[in-house]
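K.L.:
structure for this input, please:
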Amino acid sequence: MPYQLYNNSGKQSGYESTVSDSTSTLSVLKTILIYGALTVIILMVILLLIHYTIYPIFYLQPGDPGIIPIPGFADNQVFWKPSGKDTVFTDLSDIATNVQTGIMNYSLSIDIAIQNPYITSNGYNVIFSRGGTLNPNPQPNSSIKGAISDYNVAIALAPNSTDLIVSVLNSDGNPENVLIPNIPVQTPFRIGMVLMSSVFEVYLNGKLVRTRKYASGAPGNYTGPFHPPTGNMARSVRVGNLLLWNRLASPSNIRYAKPPLMPPIEKDSGSGTSSCLSLNTAFSSIEDSLVTDANAAASAASAALSATAVTATSAVKALNDSLDPSVKK
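P.N.:
This next block holds a predicted model:
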């Protein structure tokens, strides 16, 4: 016979009642958890069926089709992260990246901001390159090879303009160039490249600019570190967010790659930016002053001409009156 506790009045003790209530509560919680887990499993099975048969639900890479991101699967590497100041980056060895020594079948993108819109030079101004040797004294009006040699990829400003050149050396050692005219200044933009075995693609802010076929049929066997701007270009141009894929990235991967485009120059605190903006302000003030002075001078000249015309008209009329016999009478 089970032992039971009773109080002094002969009634059953509250201890057994409390144990019974606790057991009942645990049983309810277990039931809720079981049903909740079953519900989640059923929903996952339904979503997976929809994902693989009707419409993508999950995506692993930014830009892939889908609705729900699955973190931890992005395979692009990120280097040269902008810090909000004019950070000077050092060369990045390609051995330290997932690209290694490959000359093709990889992809990259890089953020660029031209801080000084008044860059003038008779030669190409190299902003970024993979491999290559810079010529400290490029020949005026020469090709991009006059500014840098033996490179895999190079990005440069054309002489005396804001036209951007994206170049790859082919297997004959000749540059294959894609021109992007009138690139934005003082506004960050993102250049993307996909290097294939026989062609390469160039993107501007995620949009395809051009697909170019190598004239020699393949890129040249040139490798080396990734170089940021150096010398005067380091003070005039800012770069950041170098992204590398050891594969052929899709257009949507290039367009929606993370991290996003680095912030505009106006939000930075670098002295180069402030100087550039101050220079622009000064030029604007001078231009406004010149326009104002020119308008005032034009108004004064117009008033003087009007007064002269009135005086001349009066003199001619007086002369005619003096010569007209009818007026004399």
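K.L.:
pick out the least confidently modelled helix or strand of this structure, by mean pLDDT.
P.N.:
helix 325-328 (a mean of 47; mean pLDDT, DSSP states H and E).
K.L.:
need the helices for the stretch 101-250 of the chain, in chain order.
P.N.:
232-236 (DSSP state H, counting those that start in this stretch).
K.L.:
point out where it drops to low pLDDT.
P.N.:
141 (pLDDT under 70).
K.L.:
hmm, 50 instead?
P.N.:
Across the stretch 101-250 of the chain, not a single residue meets the criterion (pLDDT under 50).
K.L.:
show me how the protein divides into domains.
P.N.:
1-55, 77-270 (automatic domain parsing).
K.L.:
out of those domains, which comes closest to residue 69?
P.N.:
domain 77-270 (10.1 Å; CB to CB). C-beta: built from backbone N, CA, C; applies to glycine.
K.L.:
centre of the chain to that closest one, how far?
P.N.:
12 Å (CA atoms, centre = their mean, to the nearest Å).
K.L.:
if we can go back for a sec, mind putting the domains of the chain in a markdown table, distance to residue 65 included?
P.N.:
As requested, those are exported to a markdown table (distance: least, CB to CB, whole Å):
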| stretch | distance to residue 65 |
| --- | --- |
| domain 1-55 | 8 |
| domain 77-270 | 8 |
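K.L.:
of those domains, flag the one that's most buried.
P.N.:
Highest mean neighbour count among the domains of the chain (mean count of other CB atoms under 10 Å): domain 77-270, with a mean of 18.
K.L.:
now do the same for residue 274: its pLDDT.
P.N.:
pLDDT, residue 274: 43.
K.L.:
excluding its backbone neighbours, what's nearest residue 69?
P.N.:
Excluding its sequence neighbours, the residue lying closest to residue 69 (CB to CB, 6 or more residues apart in numbering) is residue 59, at 6.0 Å.
K.L.:
contacting residues for that neighbour?
P.N.:
65-70 (CB atoms under 8 Å, 6 or more residues apart in numbering).
K.L.:
check residue 102 too.
P.N.:
Contacts of residue 102 by CB under 8 Å, 6+ apart are 223, 246.
K.L.:
separation between it and residue 44?
P.N.:
38 Å (CB to CB, to the nearest Å).
K.L.:
same question, residue 246
P.N.:
Taking CB to CB, one finds residue 246 at 31 Å from residue 44.
K.L.:
which stretches in the stretch 101-250 of the chain count as strands?
P.N.:
106-114, 125-134, 148-157, 164-169, 175-180, 189-195, 199-204, 207-213, 226-227, 237-245 (DSSP state E, counting those that start in this stretch).
K.L.:
need those in JSON lines with distance to residue 253, can you?
P.N.:
Formatted as JSON lines, the strands of the stretch 101-250 of the chain follow (distance: least, CB to CB, whole Å):
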{"stretch": "strand 106-114", "distance to residue 253": "8"}
{"stretch": "strand 125-134", "distance to residue 253": "19"}
{"stretch": "strand 148-157", "distance to residue 253": "18"}
{"stretch": "strand 164-169", "distance to residue 253": "18"}
{"stretch": "strand 175-180", "distance to residue 253": "19"}
{"stretch": "strand 189-195", "distance to residue 253": "9"}
{"stretch": "strand 199-204", "distance to residue 253": "10"}
{"stretch": "strand 207-213", "distance to residue 253": "13"}
{"stretch": "strand 226-227", "distance to residue 253": "19"}
{"stretch": "strand 237-245", "distance to residue 253": "7"}
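K.L.:
which one of these lies nearest to residue 258?
P.N.:
When the strands of the stretch 101-250 of the chain are compared by CB to CB, strand 237-245 sits nearest residue 258, at 8.5 Å.
K.L.:
after that closest one, next one along is what?
P.N.:
Remark: after strand 237-245, the chain's next helix or strand is helix 251-255, criterion DSSP states H and E.
K.L.:
in the sheet, which residues pair with residue 199? Tell me.
P.N.:
residue 213 (DSSP bridges).
K.L.:
let's number from 39 now, not from 1
P.N.:
Yep, numbering from 39; the last one is residue 237 now.
K.L.:
that one contacts residue 248, correct?
P.N.:
No: using CB atoms under 8 Å, residue 237 is not in contact with residue 248; the gap is 10.0 Å.
K.L.:
give me phi/psi at residue 162?
P.N.:
phi -70, psi 140 (degrees, to the nearest 10).
K.L.:
distance of it relative to residue 183?
P.N.:
9 Å.
K.L.:
now do the phi/psi pair for residue 65.
P.N.:
phi -60, psi -40.
K.L.:
so what's it up against?
P.N.:
Per CB under 8 Å, 6+ apart, neighbours of residue 65: none.
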